[in-house]
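> Return atomic coordinates for the entry below.
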Amino acid sequence: DYTPSFEWDLTLVDESHHARNGTNLYELLTALQSDSQCMYLLTATPMQLRIEELYDLLRMCDLPGEWAERESFVAYFEVQRDLDEIREEMESQITIEEALPVFASKWGSEPYELRDRLETWVGMIRSYLQQYEPVSEDVTDLIDQEVDGLRETRETKQVLGVHSIDRPNWERRFWELNVEQLFTIRDVAETTTPVQSRIFRNTRSTLRMCEEVGLLDDTVPERNSELIQVDLGDARPAYDRIESYITDVYNQSKKLLDGQEQTAIGFVMTTYRERLTSSLYAAKRSLERRRENLRSRQLTDIDELDETTLSGTRSERSQTLLEQETEVDELGVSSSEGQEVLEYELDELESFIDALDDLPEDPKLNRLMKDLRSLSAKTRDRVIIFTQYEDTLDVIKNKMCQTYPEMGTYTGSGGGLYDKQEGEWKSASKERVKQKFRSGEISYLVCTDSASEGLNLQTCDALINYDLSWNPMTVEQRIGRIDRIGQKNETVLVW
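Got it, this is the predicted structure:
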């Protein structure tokens, strides 16, 4: 529990993207908010936010007026989004009043509800412009550029309250504007939010400008990214067979299931497809676990889980399952149609999974070893390798240590170091692995995405993405371990 005894002058919060509503950190910051004169939330991690999550963070930054109300904040950006979706479809010269039934039909709203939404949206724009005069000047210039006709320009400015002669009853005048003027207001609304004044981004270009004028002494590296193609060779039939299983089971679920059950099976198959792109070994281990669970009926029915379990992104779904002590391989469905799909899936697995024991060596492994030799020839001898799955990490480390014994691993479950004298892997703390890599005692580090945050490796020469998350933000987080201020190389290599 946090019990303040005095007021803080300034509260700085690093890694603030972790402060999601419902977390202990978020509750702490909420308590600190009233006891801090000023609060800065810092993060260097790319963020994927729903509108509601953006509000949850920004509300700690003293949102003004109606912006401080969650419902109004969310509604504002929903109107922005909805207008964008129909912009190209609307006739520009009819009035907003005449267009209201069309909007209502497209958005699935009652006209009276939509009327309230749009008036609240414009009211928030007006309120913001009255508070921030410099923004009003920019808005006036934008209206002059976008709106045709002196009368139409004047009307638009008066509705927004930025004309020298303001008129009463702006709500009535708003509905008399045409659709073209409405979309000008939509463009104006991009700049009339407290988001602009409460989020500050230091981009790479900003950092390089600081470097050029002498405000930053450390290197801001360039990034050289290269896409490596892998020839599947003799392993292609195995890839194709697993892909066929995934597609067939997914299609069977679409044919027989609906709702949460269809979503559950679809999620399992999508996850297996991602594991297949990681490595044959990861896919094989997953399918073996799945077969065992199907045989023993050791499955968790989707109906037993929280109804929000399969909402959000794929990575969020996986995390939610883990929080409920369930693995993707254990996810099942209980309806009679669901049982039919699971029987079909088990038959599919039984028909080919044993043949995977005779797989040729994964061609991705051979390509990795070739790429490491290539990097060494370029004197890039300190390399970090990322994968999403510990199954894939195991097969990488056991292959690499035979040629590159000065190596370690870094995963969510801990660290590991290869003992060259004894020829075996030994457990080590993640901190010890990190220090040995930074000092150069080990040259190669194989990691899962648990290392893609909070690990600063400016001494690293190159990064290899052995697999790619389907979330580009995760990939960017990985690259951020070496592409950072103070990197010893002028250019970082990302493969």
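> Strands of the stretch 151-300 of the chain, start to end?
For the stretch 151-300 of the chain, applying DSSP state E, counting those that start in this stretch gives strands covering 222-225, 300-301.
> And those: which comes nearest Arg70?
Checking these against Arg70 by CB to CB gives strand 300-301 as the closest, at 33.2 Å. Quick note: C-beta positions are derived from backbone N, CA and C, even for glycine.
> Packed most tightly, which of the strands of the stretch 151-300 of the chain would that be?
The highest average neighbour count among the strands of the stretch 151-300 of the chain, using mean count of other CB atoms under 10 Å, belongs to strand 300-301 at a mean of 16.
> roughly how far is that strand from the heart of the chain?
27 Å (CA atoms, centre = their mean, to the nearest Å).
> same for that strand, what does it pack against?
Contact analysis of strand 300-301 by 3 or more CB pairs under 8 Å, 6 or more residues apart in numbering; DSSP states H and E lists strand 331-332 as its packing neighbours.
> How far away from the center of its chain is the strand it packs on?
For strand 331-332, the distance to the chain centre is 25 Å (CA atoms, centre = their mean).
> Give me the next element, helix or strand, following it.
Per DSSP states H and E, the first helix or strand lying C-terminal to strand 331-332 is helix 336-352.
> Show me which residues of that following helix are buried.
Residues of helix 336-352 classed as buried by neighbour count (16 or more other CB atoms under 10 Å): Glu337, Gly338, Val341, Leu342, Glu345, Leu346, Glu348, Leu349.
> Need the pLDDT of the second one.
Looking at Gly338, its pLDDT reads 86.
> For it, give me its contacts.
Counting by CB atoms under 8 Å, 6 or more residues apart in numbering, Gly338 makes contact with Leu256, Leu257, Glu261, Ile265, Gly332.
> Pick the one among those closest to Glu119.
Glu261 (42.1 Å).
> what's the neighbour count on the nearest residue to the closest one once chain neighbours are set aside?
Once flanking residues are discounted, Glu261 sits nearest to Val333: 4.2 Å by CB to CB, 6 or more residues apart in numbering. When neighbours are defined as other CB atoms under 10 Å, Val333 has 25 of them.
> got it, and Ser205?
Neighbour number of Ser205 under other CB under 10 Å is 9.
> Report pLDDT for it.
pLDDT, Ser205: 83.
> now Ser318
pLDDT, Ser318: 56.
> Equivalent analysis for Leu365, please.
Looking at Leu365, its pLDDT reads 91.
> Skip the chain neighbours and tell me the closest residue to it.
Of all residues not flanking Leu365 in the chain, Lys399 sits nearest, at 5.2 Å (CB to CB, 6+ apart).
> Kindly provide the distance from the residue lying closest to Leu280 once chain neighbours are set aside to Thr392.
For Leu280, ignoring the flanking residues on the chain, the nearest one in space by CB to CB, 6+ apart is Asp362 at 4.7 Å. Using CB to CB, to the nearest Å, we find Asp362 at a distance of 9 Å from Thr392.
> same deal with Ser92?
The gap separating Ser92 from Thr392 is 54 Å, by CB to CB.
> So for those two, which sits in the more crowded spot?
The neighbour count for Ser92 versus Thr392, taken as other CB under 10 Å, is higher for Thr392 (26 against 13).
> Residues in a beta bridge with Arg223, which ones?
Val492 (DSSP bridges).
> Contacts only, for it.
Contacts of Arg223 were listed using CB under 8 Å, 6+ apart, and they are Ile479, Asp483, Thr491, Val492, Val494.
> at 10 Å what do you get?
Arg204, Leu463, Ile479, Ile482, Asp483, Gln487, Thr491, Val492, Leu493, Val494 (CB atoms under 10 Å, 6 or more residues apart in numbering).
> So the second one, which state does it fall into?
Classification of Leu463 using DSSP: H, G, I helix; E, B strand; the rest coil returns strand.
> Surely it is in contact with Ile479?
Yes. Leu463 lies in contact with Ile479 (CB atoms under 10 Å); the separation is 6.2 Å.
> which residues are common contacts for those two?
The contact sets of Leu463 and Ile479 overlap at Arg223, Ser225, Phe386, Val492, Val494 (CB under 10 Å, 6+ apart).
> and these as TSV, adding pLDDT and distance to Asp358?
Formatted as TSV, the shared contacts of Leu463 and Ile479 follow (pLDDT from 0 to 100; distance: CB to CB, whole Å):
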residue	pLDDT	distance to Asp358
Arg223	85	41
Ser225	87	36
Phe386	93	29
Val492	87	40
Val494	91	35
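> circling back to that earlier point, among the contacts of Arg223, who's most crowded?
Counting neighbours by other CB under 10 Å, Ile482 leads the contacts of Arg223 with 26 neighbours.
> Pop out the phi and psi values for the closest residue to it other than its chain neighbours.
Excluding the flanking residues, the one nearest Ile482 by CB to CB, 6+ apart is Cys460, at 4.4 Å. Backbone torsions of Cys460, given as degrees, to the nearest 10, read phi -80, psi 140.
> Quick check: the gap between Glu361 and Arg367.
Glu361 is 11 Å from Arg367, where distance means CB to CB.
> same deal with Ser279?
Going from Ser279 to Arg367 by CB to CB gives 12 Å.
> what's the answer for Asp218, then?
Distance, Asp218 to Arg367, by CB to CB: 34 Å.
> before we move on, what about Arg59?
Distance from Arg59 to Arg367, by CB to CB: 48 Å.
> I'd say Ile384 and Arg438 touch.
No. Contact criterion CB under 10 Å: Ile384 and Arg438 do not qualify, at 11.3 Å.
> any residues in contact with both of these two?
Joint contacts of Ile384 and Arg438 (CB under 10 Å, 6+ apart) are Leu445, Leu455, Leu457, Cys460.
> What about the third one, how many residues nearby?
Think Leu457. Neighbours around Leu457, by other CB under 10 Å: 21.
> ok, for Gly415, nearest residue in space, not its chain neighbours?
Spatial nearest neighbour of Gly415, chain neighbours left out: Val433 (3.7 Å); criterion: CB to CB, 6+ apart.
> and the one you found, how many residues sit next to it?
Val433: 25 surrounding residues under other CB under 10 Å.
> wait, what's in contact with it?
If a contact means CB under 10 Å, 6+ apart, then Val433 has 407-411, 414-417, 427, 441-442, 445, 447, 451 as its contacts.
> Which helix or strand lies directly C-terminal to the helix or strand containing it?
For Val433, the host element (DSSP H and E) is helix 430-439. As assigned by DSSP H and E, the chain's next helix or strand after helix 430-439 is strand 444-447.
> Packing partners of that next one?
If you count contacts as 3 or more CB pairs under 10 Å, 6 or more residues apart in numbering; DSSP states H and E, strand 444-447 packs onto strand 383-386, helix 390-400, strand 407-411, strand 414-419, helix 430-439, strand 462-465.
> Can you dump the C-alpha atoms of the third one in PDB for me?
Taking C-alpha atoms only, strand 407-411 is exported to PDB below (Å, rounded to 0.1, in the frame of the first residue of the first chain):
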ATOM      1  CA  MET A 407      27.800 -18.500 -25.900                       C
ATOM      2  CA  GLY A 408      24.900 -18.100 -23.600                       C
ATOM      3  CA  THR A 409      21.100 -18.100 -23.600                       C
ATOM      4  CA  TYR A 410      18.600 -15.700 -22.100                       C
ATOM      5  CA  THR A 411      14.900 -16.700 -21.600                       C
END
